[in-house]
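Student: 3D, please:
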Amino acid sequence: MTDYNNYLKNDNPVDEFASWFKEALEVEDNGSYFTLSTLAADGGVNARTLLLKSVVDKKLLFFTNYDSVKGSEIEANDKVSMTFFWNKLGKQVRIRGAATKASKQTSMDYFKSRGFESQVASYISDQSSPVDSREILENEFAIARDKFKEEGVPYPEKWGGYLVDPYEITFFLYGDHRLNDRFQFIKDNGKWHSKRLYP
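Tutor: The predicted structure is shown next:
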């Protein structure tokens, strides 16, 4: 990593990403936001913005509804892409990896740590499915909120975490005149290999 010493501080790119992510949470307004891209059944690509919760054992953890479009697409093809853009830092990271479900205990623990109304919203949501009106959605929410206000919201089996195990990570550092610095890491047989790329 001789050529990278002024830019990247860790030999393992996941550790480097974790360092960038920590800085983004401190500096950016929405440092945990990222775009998740998945392969659709028709051969196209779907993308949406989610929240990264943490880096655990060299894997990236986020939560969602397993019955959603993204959940169905990950079930069919576990290869995903994650794109992070941090404007104030002048940095971007693109990650390609394989997504697997987190343990049920991990998902339950995080679900219980969420605010009560966020738990209710996740419990009632048939994410990505049609709903006839906003009124119906709000009515379902109100009924569930009243029902669970004393006993608490039960953990919904359809909701939980995914862990993304990266096999390719590209770091971008924005420079003057579009002369950016770009470093790519690819994992092959468990070992990371790196190279500098043209901007």
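
Student: tell me the mean pLDDT for the longest strand seen in the chain?
Tutor: Longest strand in the chain, counting residues (DSSP state E): strand 159-173. Mean pLDDT, strand 159-173: 97.

Student: Quick one: list the elements packing against that strand.
Tutor: helix 13-27, strand 59-65, strand 91-101, helix 104-113, strand 181-188 (3 or more CB pairs under 8 Å, 6 or more residues apart in numbering; DSSP states H and E). All C-beta atoms are positioned from the backbone trio N, CA, C, and that covers glycine.

Student: Run through the residues that contact H193.
Tutor: 185-187 (CB atoms under 8 Å, 6 or more residues apart in numbering).

Student: and T49, what are its phi and psi?
Tutor: phi -100, psi 130 (degrees, to the nearest 10).

Student: How much space separates it from N30?
Tutor: 9 Å (CB to CB, to the nearest Å).

Student: Of the two, which one has the most company?
Tutor: N30 (13 against 10; other CB atoms under 10 Å).

Student: Enumerate every residue touching that one.
Tutor: If you count contacts by CB under 8 Å, 6+ apart, N30 has none.

Student: Just say helix, strand or coil for it.
Tutor: Following DSSP: H, G, I helix; E, B strand; the rest coil, we place N30 in the coil state.

Student: same check, this time on the one 5 residues further on
Tutor: Applying three-state DSSP to T35 yields a three-state assignment of strand.
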